[in-house]
Structure formats: structure tokens, C-alpha cells
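Q: Got a predicted model here, sequence first, then my questions.
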Amino acid sequence: MSLENAVLDFRSDTFTQPSPGMREAMARAEVGDDVFREDPTVNKLEEQIAALFGREASMFVPSGTMANLIGIALHCRRGDEVIMERRTHSFSHEVGGGAALLGVLFNVLDSPDGIITPEQVRHVIRPTDVHEPVSRLVVLENTINLAGGRVVSVEQVRAFHALTREREMRLHMDGARIWNASVASGSPLAEYAGEVDTLSCCLSKGMGCPVGSMVIGDDAHIERARWYRKMLGGGMRQAGVLAACGLYAIEHNLPRLRDDHTQAAELAHGLRRILDDRHRVQEPETNILMVHTDSQATTEETLTVWYRLGIMALPLSDTMIRLVTHIDVPPGGAAEAIRRLEKNRSSRRGGKNM
């Protein structure tokens, strides 16, 4: 199919399809029973991820939601408090799992850009009091999806590390798109991982894999994490066919993530030129672009026009539209989207003059 006739799907980087090379890697994968730790391909993936992040161990799990739930479970007891920004995935998009399954309390803070500060957290840490829960854990998301793919810098994470050590707390990072944060900031994955107790990363976001996430930490954490994974129903058997996707992605897809960031910036530049003053285009830092509108009616009208032109985006609220660039957006896809929108605008203006 030519680029001119292609549907341009910017809804999410989770909509990607395994490439022919990735499918071949799946077909060739050597497998065993992963619950018994006998799947050589899973073992290899876990070893490579641990080495890439400079930590002792990692564990393959089905989803980012499970990875974060395990991360919280590793550090909290029932009744403990977890502090995070309101837009953090663990609070906004994980079905209240921490409360329902782990019995923890969420204390959510607000910030203008999605990034809370250590000072904000310091002010809400509970005193030692029999009437209050124990403030046990801080969770950071990187990149911040609902804030438009914002990057939390290593320096900011380091400041939280210092605070949590000072207050005898723990720090978990939801690194679903830590790959993008690392590429955008120029900070190695190991630098990020060295500042947190545990972190997760998604292979199914940005990396082009059909499924899978990782929990990363020290040997003792990951040994306990295996118990939680089994308890949550995440113990997989011949999972090497899925782990092979992750190994393929590390080699072939991780090096090209900057291309997604470039397309997002190109898309933002074009949309800013084309859209009227009912829209505000947020400058992307990575592969996520937010368009803010003045009303639900504007959002619906905009999406209707875009869908008619074969441009798919995702409404995240009545006044916010998300576009995500990824490996399945073809080269030139951003430019093609802008070309269609410009052509549509020109035809509408021409119609009004007739």
C-alpha cells in the first residue's frame, strides 16, 4: 500500500505489529518451562535486561500493570502509603490494583507538568503516629504519558533517591517508556536504574513487541518478585516465544527510537501551523504529542475530520487528544499526515470562496 493510501495510526505505540524479523525470532526461539526457570530464551532476556540497566536481576512479566503492582508489593505492607503524581499510571490506569490487591493507600499530588518535586513529597510524608499510615514508597513514571511524554531527568530521580534514603522510604520507577527517556535525555538506562530501588520497563511500548514487561532490581527483590508474579497469575510456561521478541527489539528497535521522536516533533510543527486557535499543540519531548482543545465539541470535530482523512488519534479527555509516533508509523508518516490536513484545509477554503 502506498503512503498516500495508508491509514496513519497515531493512537498508541502499543498498536504495533511484530515485524517479519521479530516473527522469525519467535519461530526460532528455544523454549522450556519458565516457572521452573528452564526457558533459555526467557533466561537470556532477563540476563540482558539486567545487564543493560546495570542491576543484578530482572524478571519477565505479561504486562506493565503487573510489573508496577509487583514493584509496589516489594516495598509496602498492607496499610502503607504510596506517594505519586496524580497522572502516574499506577493511580490513573491500573484499576486501583494497589488498593484492591495490596491494601495500600495512594497519596496523589498535583503538579503543572506531571513531575512532582522532592519538596512536595517531603511536605506530605507522614509523621510517626499511631493514627496515620506509614509513608513507605514514592513512585515516579518516566516518561509521563498523561503529561505528553515528559522526561524525568536523572538529576531529578537522584534528588528523590536522596529524599527516600533520608526518610527511610523506597523509590520505584514506572519506566514503561524509559527507553524514550534515555534516548531523549542522553542518560544511559543504567544511570536511571542506579537511582531507584526497583523499576519496570515495557517491551510492548515503543519497542515493537506484542506483549511483555520487565521488573528490574537486586537479586533479593527479584527472587521475591517471582512469588508475587505467581500469586497474580503471571507465571508463564513456554514464554520464550515472547521473550524472543524482547531480545530482537533490544538489538533492532531500540537503536531507532530517535526516529519516533523526530516524527513527533515534525508532526507538532505541522499541526501548530495548520490548526486554528481552538487548539494548543504541546511541544513533544519524546514520541508522545498532546493537542489541547477548547471544548469537547472541538475535540469531537477534530477527530472526525482526522479519521475521515485516515489519521487516527486518541482522545484522553474531553479537551485532550494524544498522538504517538512509533515503529509502525512509516517513514514520512508525519509529513503525510500534515499534507492531508493542509489539502483538506485548502479544499474547505476553496469551497467557501465558490
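A: Cool, got the structure.
Q: residues contacting the closest residue to Val7 other than its chain neighbours?
A: Leaving aside its sequence neighbours, Val7 sits nearest to Gly310 (CB to CB, 6 or more residues apart in numbering; 4.8 Å). Glycine gets a C-beta too; all of them are placed from N, C-alpha and C. Neighbouring residues of Gly310 by CB atoms under 8 Å, 6 or more residues apart in numbering: Asn5, Ala6, Val7, Leu8, Arg340.
Q: residues contacting the first one?
A: Spelled out, it's Asn5. Gly310.
Q: which regions of the stretch 251-354 of the chain sit below the pLDDT cut-off?
A: Along the stretch 251-354 of the chain, segments meeting pLDDT under 70 span 350-354.
Q: Going by contacts, tell me the helices and strands next to the helix or strand hosting His292.
A: Applying DSSP states H and E as the criterion places His292 in strand 288-293. With contacts defined as 3 or more CB pairs under 8 Å, 6 or more residues apart in numbering; DSSP states H and E, strand 288-293 has these neighbours: helix 257-274, strand 279-281, helix 296-308, strand 320-324.
Q: Of those, which stretch is the most buried?
A: strand 320-324 (a mean of 23; mean count of other CB atoms under 10 Å).
Q: following that strand, which helix or strand shows up next?
A: Strand 320-324 is succeeded, C-terminally, by helix 333-353 (DSSP H and E).
Q: Give me the contacts around that following helix.
A: The contact list for helix 333-353 (CB under 8 Å, 6+ apart) reads 3-4, 6, 8, 10, 263-264, 266-267, 270-271, 273-274, 305-306, 309-311, 325, 330.
Q: Check which residues of it are buried.
A: Going by neighbour count (16 or more other CB atoms under 10 Å), the buried part of helix 333-353 is Gly333, Ala334, Glu336, Ala337, Ile338, Arg340, Leu341, Asn344.
Q: Also stretch 30-37?
A: In stretch 30-37, counting by 16+ other CB under 10 Å, buried: Val31, Gly32, Asp34.
Q: so how far is Pro40 from the first one?
A: Put plainly, it is Val31. To Pro40, Val31 is 8 Å away according to CB to CB, to the nearest Å.
Q: Ile250 too?
A: 16 Å.
Q: Comparing those two, which residue is more hemmed in?
A: It is Ile250, of Ile250 and Pro40, that has more neighbours when counted by other CB atoms under 10 Å, with 18 against 15.
Q: pretty sure the more buried one is touching Leu52, no?
A: Yes - Ile250 is within contact range of Leu52, at 7.0 Å (criterion: CB atoms under 8 Å).
Q: List the contacts of the nearest residue to Lys44 once chain neighbours are set aside.
A: If the residues on either side of it in the chain are set aside, Lys44 comes closest to Leu247, at 6.5 Å by CB to CB, 6+ apart. Counting by CB under 8 Å, 6+ apart, Leu247 touches Ala25, Thr41, Lys44, Leu45, Gln48.
Q: Angles on the backbone of Phe60, please.
A: Note on Phe60: backbone dihedrals following degrees, to the nearest 10 are phi -80, psi 130.
Q: Correct me if wrong: it contacts Val211.
A: No - if you go by CB under 8 Å, Phe60 and Val211 don't touch, sitting 10.1 Å apart.
Q: joint contacts of those two?
A: Leu242.
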